[in-house]
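Visitor: I'll drop the sequence and a predicted model, then ask my questions.
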Amino acid sequence: MTVSRDMSLKALDISSKTEYMSMQGAHDGRIYAVAMNSTGTHAYTVSEDRTVKVWNIAAKSLEDTWSNGHKAEVMCVAVGVSGQFLYTGDQDGLLNQWSIPEKRVLKGHSHRNNDETW
């Protein structure tokens, strides 16, 4: 998976060296990061449009948009080892833990508060 500041998302098949999926205008702003789950069924992208987008790789389509977690540009994303949680960080220093099955933020952590451990 690759993402770009031109708002595109692309999936490449390494063995055949061909483009498997291409989504132009995947976000309403530059895309900063992408993460995939361990099974390769879903990808998660984050953007300056302050959203997290969930992509179904097999269907080559947008599955969901989560827009209620950040008030600043979302800069990074990671899928937890269990595959149940997603972590996103924004330009203002907010780190959110999302429940993937519930599609919601479980807790947020600001860089201004460094006495909490997850």
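Guide: Received, thanks.
Visitor: how about residue 67: what's its closest non-neighbour residue?
Guide: residue 51 (4.7 Å; C-beta to C-beta, 6 or more residues apart in numbering). From N, CA and C alone the C-beta is placed, and that goes for glycine too.
Visitor: number of nearby residues for that neighbour?
Guide: By other C-beta atoms under 10 Å, 19 other residues sit near residue 51.
Visitor: distance of it from residue 105?
Guide: Here residue 51 is placed at a distance of 13 Å from residue 105 (C-beta to C-beta, to the nearest Å).
Visitor: one more: residue 82?
Guide: Applying C-beta to C-beta to residue 82 and residue 105 gives a distance of 17 Å.
Visitor: which one's more surrounded, these two?
Guide: residue 105 (18 against 8).
Visitor: list the residues that contact the more buried one.
Guide: 68-69, 96-98 (C-beta atoms under 8 Å, 6 or more residues apart in numbering).
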